[in-house]
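[1] Next come a sequence and a model predicted from it.
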Amino acid sequence: MKKVGLGIAVVVALVLLGGFVVSQLGDVAKTARAGDCARISGALDNPTYEALDCGSEQANVKIAKVLQWNEKTCPSGGMDYSTYTGDATLCLMPNFVEGACYGQSPETGIAKVDCTTKDSVKVARVVSGKADGAACGDQRAAVFPEPAVTFCLERGDQRQ
C-alpha cells in the first residue's frame, strides 16, 4: 500500500476541525443550501462565511447537508463532517477539485496550493455518487456518504 504521509492527515484534520470554530455564524444557516459552496476564513480567531460559486478558487468547503434544529448529527461515514451551528447546522465537506493540490492555511485552514508546496495533498480522483474507500485502491480515501463522494488523495509534493 502506498504511504501518503503527514500532509494528508493534516489537511483532513484541518477540514474536520474547522467546523467547531464558528458557532456564532447564526444567519448563515438560514440561507445556506446543500450543494452551495463557501469560503470559511478567520480560522479559530474570528471565523467568517462567504458564499461563493463552487468553481471559485477561494471556495474551500461545500455544504453537504443542512440540518434543522431538531436534527442532531450530520451523516457519518469514513470521515466525520464538519459542522457550523446557528439556527441550523451545516454539514460540510471539502470542495476538493480533481487534480488540484491543497495545503495548510492559517487563514482558512485549507487552501489550494501549488503541488510543489511542502506537505501538499493532491486530489488524484473524485468519485461522485460513490462512498467507498475501495474505489481509491492504494491511495488514501476521504469518504462522504451524503452526498456520496469519495476523494482519492496522494502526496502532492513528491515527484512522480
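    Arrived safely, thanks for sending. Residues are numbered from 1 along each chain as shown.
[2] Every contact and neighbour count from this point should use C-alpha atoms.
    OK.
[3] Give the closest residue to Arg140 in space, chain neighbours not counted.
    The spatial neighbour of Arg140 that comes closest, neighbours along the chain excluded (C-alpha to C-alpha, 6 or more residues apart in numbering), is Leu153 at 5.1 Å.
[4] quick one, helices of this structure?
    Taking DSSP state H as the criterion, the chain carries its helices at 6-18, 28-31.
[5] and those, which one is worst for confidence?
    Per-stretch mean pLDDT for the helices of the chain is lowest at helix 6-18 (a mean of 47).
[6] To what extent is Thr31 buried, counted in neighbours?
    Taking other C-alpha atoms under 10 Å as the neighbour definition, Thr31 ends up with a count of 8.
[7] Sketch out the low-pLDDT regions of the protein for me.
    Scanning the chain for pLDDT under 70 picks out 1-30, 43-46, 69, 76-88, 159-160.
[8] which ones are touching the nearest residue to Ala142 once chain neighbours are set aside?
    Distances taken as C-alpha to C-alpha, 6+ apart place Phe151 nearest to Ala142, at 5.0 Å, with adjacent residues excluded. With contacts defined as C-alpha atoms under 8 Å, 6 or more residues apart in numbering, the neighbours of Phe151 are 96, 123-127, 136, 141-143.
[9] Report the beta-bridge partner residues of Phe151.
    When assigned by DSSP bridges, Phe151 has beta-bridge partners Val126, Ala142.
[10] Please tell me how far it sits from Thr48.
    According to C-alpha to C-alpha, to the nearest Å, Phe151 and Thr48 sit 26 Å apart.
[11] and what of Phe144?
    According to C-alpha to C-alpha, Phe144 and Thr48 sit 24 Å apart.
[12] Looking at these two, which is more packed in?
    Neighbour count, other C-alpha under 10 Å: between Phe144 and Thr48, Phe144 has more, with 27 against 17.
[13] these two touch, right, that one and Gly133?
    No. Using C-alpha atoms under 8 Å, Phe144 and Gly133 do not qualify as a contacting pair, with a distance of 9.6 Å.
[14] how far away is Gly103 from Pro94?
    Taking C-alpha to C-alpha as the measure, Gly103 falls 12 Å from Pro94.
[15] Let me see the contact set for the spatially closest residue to Val143 that is not a sequence neighbour.
    Spatially, and ignoring its direct neighbours in sequence, Val143 is nearest to Thr150 (4.5 Å; C-alpha to C-alpha, 6+ apart). For Thr150, the residues meeting the contact criterion (C-alpha under 8 Å, 6+ apart) are 126-128, 130-133, 135, 141-144.
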